[in-house]
Each structure stands twice: as C-alpha cells, then as structure tokens.
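>>> Just a sequence and a predicted model for now, questions to come.
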Amino acid sequence: MQPGRTTGQTDYTAVTLQLAAKALASATDSAPHRQREGELRWPIANALPAARILVDQSAIGDASLLNGAAKSLVQTLAEDTGKVTDGFGHARPSYALLAIHLLGSAARLTNDQDTLERTKQAAISLLNRNPQQTGPPDPRLAIWRRLIARQHGLHEAEELPLPNIDPAPLIPLGLNDLIDSWTYYELVGLHGLHLCQQIEPDDTLAQSVRSATLYHLGHTQPDYTTYQPWGLAAFASEAQTAVFAEQQLHDVATHLSIEGPGGAVLPALLLADNAAAMSGTLTKVWQRI
C-alpha cells in the first residue's frame, strides 16, 4: 500500500475533494447551548480554515486565522476540563487529536512556524493530561497520540497494534462493548494508523492497515458506521477495499443533503484530510520531519 495512492476505476481523490468542497462551503458551528461557566470549549469548526488550506480551497484570510485558532486551542487544552466540540457542541476524545493534526498540517504546508509552535504546545498539553480526565486508555486513540507526537518531535511511548496476516480488527470487540461505539473507534484508529503509515513508510504499518481494512470490509455493516468518513483514504488505497470507501462517500453525500451547517463540520474536516492523504499532500508535508 503506497502513501498517497488510490486504486480502482473511480477517481476517489476527485470525488472526495468535490464532497469536501461542498461540505467546507456550508459547515458552520451550530452548537445550540452556551458553555457552562468556567468551562472552556474549542469548536472544531475553528479548524475549517486549516482544512481548506490542505485541499487548496482556502479563502482570503484563512492563513491568518490559523495562529489564533492554535492559540485558543492551547488555552483550552491547558485546562483538564477543556473540550473540543463538534458542530453541535458534542465532545469526543478524537476531536482534539484531529484538530491538532489539521492545524499542524496546514501550518507545515504554509511554513507558518509560529502556528506550528503553538500547535506543538497544544499537543504537549493534550499528551500530558491527567489520565483520569481522558477516560480509560484506548489503543485506537493511542495511535493518534503517537501520530501527533511524531509530527511534533515529542516523545510518546504508545505502541502501535501488532500486525496481523489475516483480516482482524485493531482491537477485538469486548463482551460489554456497544457495536456502534466500538466500530466508531475502530475507524478512528484506522484513520490515524493510515496517517502514521504515510509519515513513516513501513511494511509493518502497511500490513496493519490492510488487515484492519479487510476485516471491516467483511464485517462492518453500513448501519454500524457514521456519516463521519474516518479511514476513508485507507479503504480507498486498495482496490479490494475501495467499495467500503464508496459506501462512506455515499453516506456522507446523503448526510450533507439533509443536515444543516453544524452537521457538515466533521464531514468537511475529514473529507479534506482524506483528500490531502489520497493526493499525497500529507506525505510531502510530514515526511520532511
């Protein structure tokens, strides 16, 4: 599996970019409730300028917004209770990790050293958070922790999942796991693992990605996935698993046609990140580290 390569008859990079442009044009933070007194929230919609830059869809002023977004993210993550929220005000552990990745990638692409340094500070704050504040450790989020640590030259002891020759999930489904939540974090982890493989070309990483994509191709039903296309570029990179990417693109297109601006925020960010991965932009940006 080569970084930045897509296969199959459909030009998945072009389709992903087209959907990304549509989502980026409409995405707006639509959180219905104000944050509680003393609570810091960082709307992940603040990363939309970074996403536009990554797919060459930037508007006037986007580059100048990166530094302020990174500064406010540092302030938010410096507090243990600070949260990164989606377009509806909901928080998930994956959002802060994605935000740091997007801001850092855009800063690298534009050679914005000040923003890159601020993003590194945000990464340090997140990686040093009290474990009691971040919940039980999840190896699939540990992949992302390792990714942002590598991107910013930080020490991070997280180990990647061992590669499997046969199709296998990143971690087995536990007896008490809810299938939808487990699947969500599987795709989140796969997205991060594919990015790791692009930054650190390695046969072991490639095998881990292929094992997980093949497993989910055969076992994950559309009903268990979300409109958030985590791992899209990983599935699109192999002809055998590209049908899963097609389903993700279809689900996103359907979601964008019925949901409002708030519902477009995460799809916009993920579509842009996937398109940047599929086109080779992220490989060029981060293999210079």
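Sure, I can see it.
>>> Just the pLDDT for the residue nearest the centre of the chain.
The central residue of the chain, meaning the one whose C-alpha is nearest the mean C-alpha position (C-alpha atoms, centre = their mean), is residue 98 at 4.4 Å. For residue 98, the pLDDT comes out at 98.
>>> Point me to the helix or strand that includes it.
Per DSSP states H and E, residue 98 falls inside helix 93-109.
>>> Which neighbouring elements make contact with the helix or strand just after that helix?
Once helix 93-109 ends, the next helix or strand along the chain (criterion: DSSP H and E) is helix 113-127. Contacting helix 113-127 under the criterion 3 or more C-beta pairs under 8 Å, 6 or more residues apart in numbering; DSSP states H and E are the following elements: helix 62-77, helix 93-109, helix 139-151. In this view, the C-beta of every residue, glycine as well, is placed from N, C-alpha and C.
>>> Tell me which of the ones you listed approaches residue 56 most closely.
Proximity to residue 56, assessed across the helices and strands packed on helix 113-127 by C-beta to C-beta, is greatest for helix 93-109 (9.6 Å).
>>> what angle separates that closest one from helix 62-77?
Using axes from the mean of the first three to the mean of the last three C-alpha atoms, to 10 degrees, the direction of helix 93-109 lies 140 degrees away from that of helix 62-77.
>>> from here on, count from 589
That works, and once the first residue is 589, the last one we named lands at helix 681-697.
>>> Pretty sure residue 863 sits against residue 603.
No. With contacts defined as C-beta atoms under 8 Å, residue 863 does not count as touching residue 603, sitting 9.2 Å away.
>>> For the stretch 639-788 of the chain, which residues score under the pLDDT cut-off?
Judged against pLDDT under 70, the low-scoring parts of the stretch 639-788 of the chain cover residues 718-724, 745.
>>> now the angle from the lengthiest helix in the chain to helix 727-739?
Secondary structure of the chain read by DSSP state H shows that its longest helix is helix 767-787. When the same axes, to 10 degrees is applied, the directions of helix 767-787 and helix 727-739 differ by 30 degrees.
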